[in-house]
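>>> sequence and predicted structure are below.
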Number of protein chains: 2
Amino acid sequence: MSVSDGLTTLSVSEPGPPERGDAARNRALLLDAARRLVSEHGAEAVTTDDIAAAAGVGKGTLFRRFGSRAGLMIVLLDEDEKALQQAFLFGPPPLGPGAAPADRLRAYGRERLAFVDTHHALLSDVGRDPQMRYNAPMMLHHSHVRMLLDQAHTSGDLDAQTTALLALLDADYVRHETTERGRTLGDLGDAWDTLVGKLCGT
Amino acid sequence: MSVSDGLTTLSVSEPGPPERGDAARNRALLLDAARRLVSEHGAEAVTTDDIAAAAGVGKGTLFRRFGSRAGLMIVLLDEDEKALQQAFLFGPPPLGPGAAPADRLRAYGRERLAFVDTHHALLSDVGRDPQMRYNAPMMLHHSHVRMLLDQAHTSGDLDAQTTALLALLDADYVRHETTERGRTLGDLGDAWDTLVGKLCGT
């Protein structure tokens, strides 16, 4: 994926030649349907029957394109992860460049909270594997938050403060707070803002 | 365990009548030997042969008293966990009552860093289970840190700031920083102090 592509031409890197015609169209229909259903009902409640029906294609097409339900969910997570990365790296402010670093951090937290809430189930599996906690996508989030703390002239150990901040965006933590403690994503966003302010001194 | 027992009479709650004589003595010898070896070499490197030899008892005695290597390690973790709890709840300042809340938090972080470094392997298993992340011992640590933040008149969402702080004492995080990034427990303690200061405004 070229970073100069912009938000409109994001594609997931996969082996083999580019998909064309019906195949590419069905793939996009299935991913859009899955994204909509997961956002409305949570990943756990969405079946391959639901997705195929909402996409208006046969279930066989889903399995031909993605192999399994898990395969589709991983591609969905990957596409959404890349879209979020594009948005905070190259998109409009306050999430993207152009806003004050502390404001970019605040916007990042809100976006990421919504993301981990939607993709909780898959992110939870990833987070539970200690090898995966320090994998490439996670490192990119760490680097981004650390860079913004640095640009905000934050004092002290930036790596540790990045780790402390990112704990508030952990998928299991967010799920625990929303389901067991009745907190909203807005509450968690406010808590994020407070911590950002204290670390950056703004 | 009664909290009024004080530090000298800590005992792990186990079913059955109290141990007496040789049995209790061997149990204590084995735990002391295991604690010393784990502290010196890391839990991964310590075998039941090492522990029995260092305790001066037969390996059969180890298995009679603890069932397995894992059984001994769980009892060791439990005893040390209770000793640390006693120390921060009822021990001398600055860890125990009597010091300023921010100073107690700083002392708590240093003690806990040493603890999770010693007991990494078992704590890592506990932390990986999302159910166990919110279990009783973990809740006690959360409550303690939250109480000290409150006593220090910390503004904002105290639960979230407690979660952010405790991320710096996570067993996998501490292990990653010390083994993969060459950081010392002293470095991590300094980072803890900085974060405490920013949250408490001290």
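Done, it's in. Just so it is clear, the structure is predicted and the values come from calculations on it, not from any experiment. Residues are numbered from 1 along each chain as shown, chains lettered A, B, ... in the order given.
>>> what about the nearest residue to residue A:98 once chain neighbours are set aside, which SS state?
Once flanking residues are discounted, residue A:98 sits nearest to residue A:92: 7.3 Å by CB to CB, 6 or more residues apart in numbering or on different chains. Where C-beta positions appear, they are placed from N, C-alpha and C, glycine not excepted. Under the three-state scheme (DSSP: H, G, I helix; E, B strand; the rest coil), the conformation of residue A:92 reads as coil.
>>> ok, residue A:92 to residue A:86 distance?
Distance, residue A:92 to residue A:86, using CB to CB, to the nearest Å: 11 Å.
>>> how about residue A:152?
To residue A:86, residue A:152 is 22 Å away according to CB to CB.
>>> over to residue A:70?
Look at residue A:70 and residue A:86: by CB to CB, they are 25 Å apart.
>>> for residue A:119, which non-adjacent residue is closest in space?
For residue A:119, the nearest residue in space outside its immediate sequence neighbours is residue A:77; the separation is 5.3 Å by CB to CB, 6+ apart.
>>> and the one you found, what is it in contact with?
When contacts are counted by CB atoms under 8 Å, 6 or more residues apart in numbering or on different chains, residue A:77 touches A:119, A:122-123.
>>> pLDDT score assigned to it?
For residue A:77, the pLDDT comes out at 88.
>>> returning to that earlier point: among the contacts of residue A:77, who's most crowded?
In terms of neighbours by other CB atoms under 10 Å in any protein chain shown, the contacts of residue A:77 top out with residue A:123 at 25 neighbours.
>>> next, give phi and psi for it.
Comment: the main-chain dihedrals of residue A:123 come out as phi -60, psi -30, following degrees, to the nearest 10.
>>> so it sits against residue A:169, correct?
No - if you go by CB atoms under 8 Å, residue A:123 and residue A:169 don't touch, sitting 9.7 Å apart.
>>> if you count surrounding residues, which of residue A:92 and residue A:86 has more?
Under the criterion of other CB under 10 Å, the comparison of residue A:92 against residue A:86 puts residue A:86 first, with 18 against 11.
>>> now name the helix or strand holding the more buried one.
Per DSSP states H and E, residue A:86 falls inside helix A:69-90.
>>> helices or strands up against the following helix or strand past that helix?
Following helix A:69-90 in sequence order, the next helix or strand is helix A:101-118 (DSSP H and E). Here helix A:101-118 touches helix A:69-90, helix A:136-151, helix A:171-180, helix A:185-200, going by 3 or more CB pairs under 8 Å, 6 or more residues apart in numbering or on different chains; DSSP states H and E.
>>> winner for burial among those?
helix A:185-200 (a mean of 20; mean count of other CB atoms under 10 Å in any protein chain shown).
>>> just the CA trace of it, in CSV.
Only the C-alpha atoms of helix A:185-200 are listed here, as CSV (Å, rounded to 0.1, in the frame of the first residue of the first chain):
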residue,chain,number,x,y,z
LEU,A,185,-17.2,5.6,25.2
GLY,A,186,-17.8,9.3,26.0
ASP,A,187,-16.8,8.8,29.6
LEU,A,188,-13.7,6.9,28.5
GLY,A,189,-12.9,9.7,26.0
ASP,A,190,-13.2,12.3,28.8
ALA,A,191,-10.8,10.2,31.0
TRP,A,192,-8.4,10.0,28.0
ASP,A,193,-8.5,13.8,27.6
THR,A,194,-7.7,14.4,31.2
LEU,A,195,-4.7,12.1,31.1
VAL,A,196,-3.4,13.7,27.9
GLY,A,197,-3.8,17.1,29.5
LYS,A,198,-1.8,16.1,32.7
LEU,A,199,1.0,14.5,30.7
CYS,A,200,1.3,17.3,28.2
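>>> do it and chain B meet?
Yes - Helix A:185-200 is in contact with chain B by CB under 8 Å from any CB of the partner chain, via A:187-188, A:190-192, A:194-195, A:198-199.
>>> quick one: least confident of the contacts of residue A:77?
When it comes to pLDDT, residue A:122 is the least confident member of the contacts of residue A:77, at 74.
>>> pull the contacting residues for it.
Neighbour list for residue A:122: A:43, A:73-74, A:77 [criterion: CB under 8 Å, 6+ apart].
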